[in-house]
Structures are given as structure tokens and as C-alpha cells.
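> Fold the following.
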Amino acid sequence: QIGRELSARDCNLMKLAIAASFYPNWAIADENNYGKKASDIVFHTKLKKFVKLHPASSCAADPESACGPLELLCYTQLLETNHAYLLHPMPVTALHALLLFSRSVHTDPACTRIVCDGWLQLRLRNGAAGERCLLIAHQLRLLWARLMRSKLRRRDTGAAKKKQDAESKTETGGGDGKGW
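Below you'll find the predicted structure:
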């Protein structure tokens, strides 16, 4: 519906879809950012440490909003000039994004420590909660894969049908059978 306001759930779903498309362009806030002035706040990516927010980014005005311990920044590009900058960053909930879209997920036996893609670590107070999060993430990954396969199959079927229709029109000399 055009003109309808998005709910918080809709916004979070869109943010997760964007985070998936930005993968692996994810960054985490430095643990020592607390109390620093905005221009000194830094983030870390898998390949580059101590990266700043680009001054023109939407998060630059309030970088502390993107620095929460439960958040991850997804970004479009890493720009390197005198400093390395994250372009177009968007904060997302770390637990959701990491468990849904990481290529590899490893846990300790108690399921209180989860390491994603070999560099991003989640710590959970309760192993049962960790197991539940992993189970739900696994189920959602399976559902996501099934939906994507279904969508691709429908697209391929539709493309094959269009191609078949076009070939039959070519063979009959057009669509109406009357010729020229």
C-alpha cells in the first residue's frame, strides 16, 4: 500500500535484507569508543582496522547510535584516502544478521560463544539461549533457501515459457496466422 507507514517489524526486515546484500561488508565498533568525541570513533572490518565513518554518512551526525555492543554496521564501500572510511553505513542487530548470513558459524561446547566468519564473536550468557538462537537461525536459513529456489524456479519457468511463445510466433509467421 502506497503511503502506508512502515512498522518497526517491516523496517527491521528491510534492514536484514540490505545487510544480506552488503555481506561481507560488515564492521563492528571498537570496544574503546565509549566517551570519545564523534570524530575519534572507529570501527573494524575483517580486513581493515580503525576505520572511521565518512563525514557525509547518515550515521556521522550521531555515531554513538551505531556503536552499540549488540549492533553491527553494514556498509556499501570502504573508501581509503588519508583515512579509511565506511560509506553508507547502516546499523543492524548483530545477532540476527550474523546468524542468518555468515558463511561459517562455530560455537564452544556450552553454546555461550559463537564465532561467525572467523572474526566476529557473539557472547551469550545462557547456553540454552544460544542453542535456541542457532536452531531458529538454521530453520530460517532453510526457509530462506527454499523460498529463493522457488522464486528462481518460477522465474526460469516464466522465461522458458516466454522463449517458447516467441519461438512459436516466429515459426507461424506472427501471432494471428494471417501472414502479411
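> Output the contacting helices and strands for the host helix or strand of Ala160.
Element membership for Ala160 (DSSP states H and E) is helix 127-172. Using 3 or more C-beta pairs under 8 Å, 6 or more residues apart in numbering; DSSP states H and E as the contact criterion, the neighbours of helix 127-172 among helices and strands are helix 94-101, strand 105-107, strand 113-116. (Each C-beta comes from the backbone N, C-alpha and C, glycine too.)
> quick one, which of these is packed in tightest?
Each of the helices and strands packed on helix 127-172 was scored by mean neighbour count; the highest is helix 94-101, a mean of 21, by mean count of other C-beta atoms under 10 Å.
> got the angle between it and helix 127-172?
Angular relation of helix 94-101 and helix 127-172 on a 0 to 180 degree scale: 50 degrees, by axes from the mean of the first three to the mean of the last three C-alpha atoms, to 10 degrees.
> Give the rounded mean pLDDT of helix 94-101.
The pLDDT scores in helix 94-101 average 91.
> Which secondary structure state does Ala20 sit in?
Using DSSP: H, G, I helix; E, B strand; the rest coil, the secondary structure recorded for Ala20 is helix.
> Pull the number of nearby residues for it.
14 (other C-beta atoms under 10 Å).
> In this structure it contacts Ser102, no?
No: applying C-beta atoms under 8 Å as the test, Ala20 and Ser102 come out as separate, 10.5 Å apart.
> what residue ranges in this protein score low on pLDDT?
When residues are selected by pLDDT under 70, those of the chain lie in 1-3, 168-180.
> if I look at the nearest residue to Leu122 once chain neighbours are set aside, how far off is Ala19?
Nearest residue to Leu122 in three dimensions, chain neighbours excluded: Ile114, at 4.4 Å (C-beta to C-beta, 6 or more residues apart in numbering). Here Ile114 is placed at a distance of 17 Å from Ala19 (C-beta to C-beta, to the nearest Å).
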